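Trainee: model this:
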Amino acid sequence: MLMRTDPFRELDRLTQGFLNTTGTWSRPTPMPLDAYRTDDEYVISFDLPGVDPEAIDIDVERNTVTVKAERRPHRQGEGVKWELSERPLGVFSRQVMLSDTLDPAGITADYDAGVLTLKIPVAEKAKPRKIAISHKGDRKQIQA
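Mentor: Numbers count the residues shown, from 1 in each chain. This next block holds a predicted model:
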């Protein structure tokens, strides 16, 4: 699996933390992820705590998976004065480039406890297989 990298991502993250800026649709904040492979699939988990599942958008175009989510502020009643607000709000996005050995048509998504998990099956052509070997010693000659 290949992932698109941004050399300035860490600098952006530090700047956003220092300036307490939020992601926008034109400049979303990257979301952290974990990725691993089992025998038959790739699993990618994105951290999206506090995001409503209805605010998550997953698109697949060719071999690129794009995940976008928006965390909105909670609506409070009248007379509420915020004392502290450290949880990041705004738009979060991440693109993952899939290799040809994966099957983007079979992607499934699950959202539980603030973690979005994508499961991407390994294409049949990329799965390990055994090759039978034949040799001349197995063939018998019939004499008349």
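
Trainee: drop to CA atoms for contacts and neighbour counts, all remaining ones
Mentor: Fine.

Trainee: please report how far R72 lies from V51.
Mentor: 8 Å (Cα to Cα, to the nearest Å).

Trainee: between these two, tell me which one has more neighbours.
Mentor: Between R72 and V51, V51 has the larger neighbour count (other Cα atoms under 10 Å), namely 19 against 14.

Trainee: thought the more buried one was touching G114?
Mentor: Yes - between V51 and G114 there is a contact at 6.9 Å, judged by Cα atoms under 8 Å.

Trainee: spell out the residue ranges of the strands in this structure.
Mentor: 29-30, 33-37, 41-47, 56-61, 64-71, 90-97, 108-112, 115-121 (DSSP state E).

Trainee: please tabulate these in a markdown table, including the columns distance to V80.
Mentor: Shown next, in a markdown table, are the strands of the chain (distance: least, Cα to Cα, whole Å):
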| stretch | distance to V80 |
| --- | --- |
| strand 29-30 | 28 |
| strand 33-37 | 34 |
| strand 41-47 | 29 |
| strand 56-61 | 28 |
| strand 64-71 | 20 |
| strand 90-97 | 21 |
| strand 108-112 | 30 |
| strand 115-121 | 30 |
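
Trainee: near R71, how many other residues are there?
Mentor: For R71, using other Cα under 10 Å, the count is 20.
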